[in-house]
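Trainee: sequence unknown, structure follows:
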């Protein structure tokens, strides 16, 4: 019931052991050369040139291949040759498990089909954003996974509203937030009413009534929902080749006047209309 | 039959509650306590002597992977299962296995899946 990669699915389902998976990962690590390693193995650059490009990367935010071209160690044609060789020789985890004898080819196909069916529920649907950035795909996926988790984890009926750029974070009963770092920098925030906090607590705790629960527990359930969504966003992003690190969630009690969006940040607001007339809001504060 | 002792490690009160409920209703497992971070987990492993530890990966203070690294050196008997929303991040998953975790349960989890994994240990 979460975004997974194939190896994890196999271990979780007890189809392969953790030892077999680690052996296959080890085989992948030996086989799947990084860009610099592949460039050296093809005799196109020397280890010393790679070292100079790595040093340059400390002060220039650029990919290794692009730097090697800028420094005159590679041509664009050679760069494309290296990338093609990487793609053509890439060993997938399933193939590595077959090579290690943990699975047969028939078993691999059968389990791949089951895995794809399990993960089909997390295929991202189209979402329109009012901004245009190189990270739009990440933010679309983040909103989409939020919607999917509202259905799967909270069991709530909802209708997504139109996403808009906002200059103020509107006041509400409480918010839970999590900072995302790595290839993207943003704060993920969910804003809920008192009634919605209660609905989230019931779903997370699996209780019919949460009236007697202390505030600390009720707020924790909203933070846990944020944690679940952001962890799965990080997993989905890693499948897209994007690194996202998550930090422990926090609660925020916004003032009645709302909160100004910090200068230099863009706030995307996704209104989420819940079945009984309540509104949840997802904010992405993008740095 | 004696019930297997499980220690739950999570900074989230609600996740700890969920796991404690699943374990206590299982019939063959018993929850011996709840630690809120990695350092508490190491202490409680010593005092409560659990057979299984269900531990979050992302916690303030000492995180789960750091605690796992220490536990795998200090106690070769205890079986650690990581419970995390980051389970689907491939390198986090394999890092946990490399450090000695027996399995990784992704959030959101279902009771049946948690029990099956704990019973298979």
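Mentor: The structure has been received and is ready for your questions. Only a predicted model underlies this, so the values are computations on that prediction, with no experimental measurement involved.
Trainee: for chain B, what lies in contact range of chain A?
Mentor: For chain B, the residues in contact with chain A (CB under 8 Å from any CB of the partner chain) are B:11-15, B:17-18, B:21, B:58-60, B:84-91, B:93-94, B:97-98, B:101-110, B:113, B:116-117, B:120. Where you see a C-beta, it was placed from the backbone N, CA and C, and this is true even at glycine.
Trainee: whichever residue of the stretch 1-150 of chain A sits closest to chain B - how many residues pack around it?
Mentor: At 3.7 Å from chain B, residue A:2 is the closest residue in the stretch 1-150 of chain A, using CB to the nearest CB. The tally of other residues near residue A:2 (other CB atoms under 10 Å in any protein chain shown) stands at 26.
Trainee: let me see the backbone angles for the closest residue to it other than its chain neighbours.
Mentor: Nearest residue to residue A:2, sequence neighbours excluded (CB to CB, 6 or more residues apart in numbering or on different chains): residue B:106, at 3.7 Å. Here is the backbone geometry of residue B:106 (degrees, to the nearest 10): phi -90, psi 150.
Trainee: for residue B:106, which residues make a bridge with it?
Mentor: residue B:84 (DSSP bridges).
Trainee: shouldn't it be in contact with residue B:84?
Mentor: Yes: counting by CB atoms under 8 Å, residue B:84 is a contact partner of residue B:106 at 6.9 Å.
Trainee: please flag which of the residues of chain B next to chain A sit within helices.
Mentor: Mapping those onto helices (DSSP state H) picks out B:13-15, B:17-18, B:21, B:90-91, B:93-94, B:97-98, B:113, B:116-117.
Trainee: filter those to the buried ones?
Mentor: B:13, B:14, B:15, B:17, B:18, B:90, B:93, B:94, B:97, B:98, B:117 (16 or more other CB atoms under 10 Å in any protein chain shown).
Trainee: a markdown table for the residues you listed, including pLDDT?
Mentor: Formatted as a markdown table, these follow (pLDDT from 0 to 100):
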| residue | pLDDT |
| --- | --- |
| B:13 | 92 |
| B:14 | 92 |
| B:15 | 93 |
| B:17 | 93 |
| B:18 | 93 |
| B:90 | 76 |
| B:93 | 88 |
| B:94 | 90 |
| B:97 | 93 |
| B:98 | 92 |
| B:117 | 93 |
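Trainee: check contacts around the residue nearest the centre of chain A.
Mentor: Closest residue to the average C-alpha location of chain A: residue A:234 at 2.3 Å, with CA atoms, centre = their mean. By CB atoms under 8 Å, 6 or more residues apart in numbering or on different chains, residue A:234 lies in contact with A:180, A:244, A:245, A:246, B:85, B:86, B:88, B:89.
Trainee: which stretch of helix or strand covers it?
Mentor: helix A:215-239 (DSSP states H and E).
Trainee: what's the answer for residue A:212, then?
Mentor: Here residue A:212 is assigned to no helix or strand, by DSSP H and E.
Trainee: which residues of chain A fall in helices?
Mentor: A:6-12, A:18-31, A:35-41, A:47-57, A:64-70, A:76-89, A:93-99, A:105-119, A:136-152, A:194-205, A:215-239.
Trainee: can you list the ones you listed in TSV and add mean pLDDT?
Mentor: Written out in TSV, the entries for the helices of chain A read as follows (pLDDT from 0 to 100):
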stretch	mean pLDDT
helix A:6-12	90
helix A:18-31	92
helix A:35-41	93
helix A:47-57	89
helix A:64-70	90
helix A:76-89	91
helix A:93-99	95
helix A:105-119	92
helix A:136-152	92
helix A:194-205	94
helix A:215-239	94
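Trainee: spatially nearest residue to whichever residue of chain A sits closest to chain B (excluding sequence neighbours)?
Mentor: Closest residue of chain A to chain B, CB to the nearest CB: residue A:231 (2.2 Å). Spatial nearest neighbour of residue A:231, excluding adjacent residues (CB to CB, 6+ apart): residue B:85 at 2.2 Å.
Trainee: number of nearby residues for residue 89?
Mentor: Went with chain A since none was named. Neighbours of residue A:89 (other CB under 10 Å): 11.
Trainee: wrong one, I was asking about chain B
Mentor: 29.
Trainee: for it, grab phi and psi.
Mentor: Per degrees, to the nearest 10, the backbone of residue B:89 is at phi -80, psi 110.
Trainee: now do it against residue A:201, distance only.
Mentor: Separation of residue B:89 from residue A:201 (CB to CB, to the nearest Å) stands at 27 Å.
Trainee: so what pLDDT did residue A:1 get?
Mentor: On pLDDT, residue A:1 comes in at 62.
Trainee: is the residue most central in space within chain B bridged to anything, and to what?
Mentor: In chain B, the centroid-proximal residue (CA atoms, centre = their mean) is residue B:54; its distance is 1.2 Å. Counting by DSSP bridges, residue B:54 is bridged to residue B:8, residue B:81.
Trainee: from what I can see it touches residue B:8, true?
Mentor: Yes: the criterion here is CB under 8 Å, and residue B:54 meets it with residue B:8 at 5.2 Å.
Trainee: now do the shared contacts for these two.
Mentor: B:19, B:23.
Trainee: kindly provide the distance from the residue in chain B positioned nearest to chain A to residue A:121.
Mentor: Residue of chain B nearest chain A, by CB to the nearest CB: residue B:85 (2.2 Å). Residue B:85 sits 16 Å away from residue A:121, taking CB to CB as the criterion.
Trainee: same question for residue A:105.
Mentor: 27 Å.
Trainee: who wins for proximity to residue A:257 among the helices of chain A?
Mentor: Counting by CB to CB, residue A:257 lies closest to helix A:194-205 out of these; the figure is 18.9 Å.
Trainee: now the nearest residue to residue A:23 once chain neighbours are set aside: how far from residue A:29?
Mentor: Leaving aside its chain neighbours, residue A:23 sits nearest to residue A:100 (5.1 Å; criterion: CB to CB, 6+ apart). Counting by CB to CB, the gap from residue A:100 to residue A:29 is 13 Å.
Trainee: out of the two, which sits in the busier spot?
Mentor: Per other CB under 10 Å, whichever of residue A:100 and residue A:29 has more neighbours is residue A:100, with 17 against 13.
Trainee: having no further points to raise, I will conclude here.
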